[in-house]
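[1] sharing a model that was predicted from the sequence below.
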Amino acid sequence: MEIQVLDKTFVPFISAERIQNRLEEIATQIERDMQGDIPVFIGVLNGSFMVFSDLIKKYKGDCEMSFVKMASYIGTQSSNQVNQLLGLDIDVTDRTVVIIEDIVDTGNTLVALKKLFDQQRPKQVKICTLCLKPEAYKKDIPLDYVAFEIENKFIVGYGMDYDKFGRNIPEIYQIKE
Ligand SMILES: O=P(O)(O)OC[C@H]1O[C@H](OP(=O)(O)OP(=O)(O)O)[C@H](O)[C@@H]1O
Ligand SMILES: Nc1nc2[nH]cnc2c(=O)[nH]1
């Protein structure tokens, strides 16, 4: 069923069930990769709040967590300028950091995040994203955990907004063109 968010129409794209199944697999993969390390999960607000919450509930090992807040998108377009709105409140020196994103698109946000974390000399920084748009992503930062590779079209729901609306939709919708 199509939905309307503000002036745009969206069609169903990734169901809540598919999201949960992939997050289960990724949580298991991260646990296996940690090899005794206690990771610090970092959620990138606002968009990652749902994926962060669901993923961390599926992670069985010990972990710490915190959030940073970055913003680059205006409407359906990347602004090419990433602003840090809320900084890091945890010392990640010598720690394994797992950054959790809802989506990697141009990668501009990721570059800003990587810079922010590398300043603190962590042991390693792993990147986890629910969605990746491979056609749009032209940066060379490797992505460690990708739940869904998607085409280069705007999506909404499951934490992701269109002009501040639609974040509360429990599954992902794609723009109808
Ligand atoms: O790879 P990029 O082109 O940088 O796009 C990805 C970023 O865009 C969205 O955030 P946004 O800036 O819209 O802020 P939000 O999380 O508050 O929605 C999303 O949550 C990612 O952080
Ligand atoms: N809501 C939303 N935010 C994004 N940020 C980068 N790409 C997207 C997208 O497709 N949808």
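    Sure thing, it's come through. Just so it is clear, the model here is predicted, and its values are computed rather than measured. Ligands and ions are numbered 1, 2, ... in the order given.

[2] which parts of this structure sit against ligand 1?
    Listed as neighbours of ligand 1 in the chain under the rule Cβ under 6 Å from any ligand atom: 44, 46-47, 70-73, 78, 101-110, 161. Bear in mind the C-beta positions are built from the backbone N, C-alpha and C, glycine included.

[3] narrow those residues to those that are buried.
    Among the residues of the chain next to ligand 1, those scoring as buried are 44, 46-47, 70-73, 101-110, 161 (criterion: 16 or more other Cβ atoms under 10 Å).

[4] of the residues you listed, which belong to helices?
    Judged by DSSP state H, helices contain the following of those: 108-110.

[5] and of those residues, the nearest to ligand 2?
    Proximity to ligand 2 was ranked across these by Cβ to the nearest ligand atom; first place goes to residue 109, at 7.9 Å.

[6] pretty sure the closest one contacts residue 70?
    Yes. With contact defined as Cβ atoms under 8 Å, residue 109 and residue 70 form a contacting pair (5.2 Å).

[7] what touches both of these two?
    Common contact partners of residue 109 and residue 70 (Cβ atoms under 8 Å, 6 or more residues apart in numbering): 44, 82.

[8] could I get the full set of helices for this protein?
    Secondary structure of the chain (DSSP H): helices at 16-34, 49-58, 108-118.

[9] could you dump the longest one to CSV, C-alpha only?
    As requested, C-alpha coordinates have been extracted for helix 16-34 and formatted as CSV (Å, rounded to 0.1, in the frame of the first residue of the first chain):
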residue,chain,number,x,y,z
ALA,A,16,9.8,-4.9,9.4
GLU,A,17,10.3,-8.7,9.4
ARG,A,18,13.2,-8.5,6.9
ILE,A,19,14.8,-5.8,8.9
GLN,A,20,14.7,-7.8,12.1
ASN,A,21,16.0,-10.9,10.4
ARG,A,22,19.0,-9.1,9.0
LEU,A,23,19.7,-7.4,12.3
GLU,A,24,19.8,-10.7,14.0
GLU,A,25,22.4,-11.9,11.5
ILE,A,26,24.5,-8.8,11.9
ALA,A,27,24.4,-8.9,15.7
THR,A,28,25.7,-12.5,15.5
GLN,A,29,28.4,-11.4,13.0
ILE,A,30,29.6,-8.5,15.3
GLU,A,31,29.7,-10.8,18.4
ARG,A,32,31.9,-13.2,16.5
ASP,A,33,34.2,-10.5,15.3
MET,A,34,34.7,-8.9,18.7
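
[10] good, we can wrap up now.
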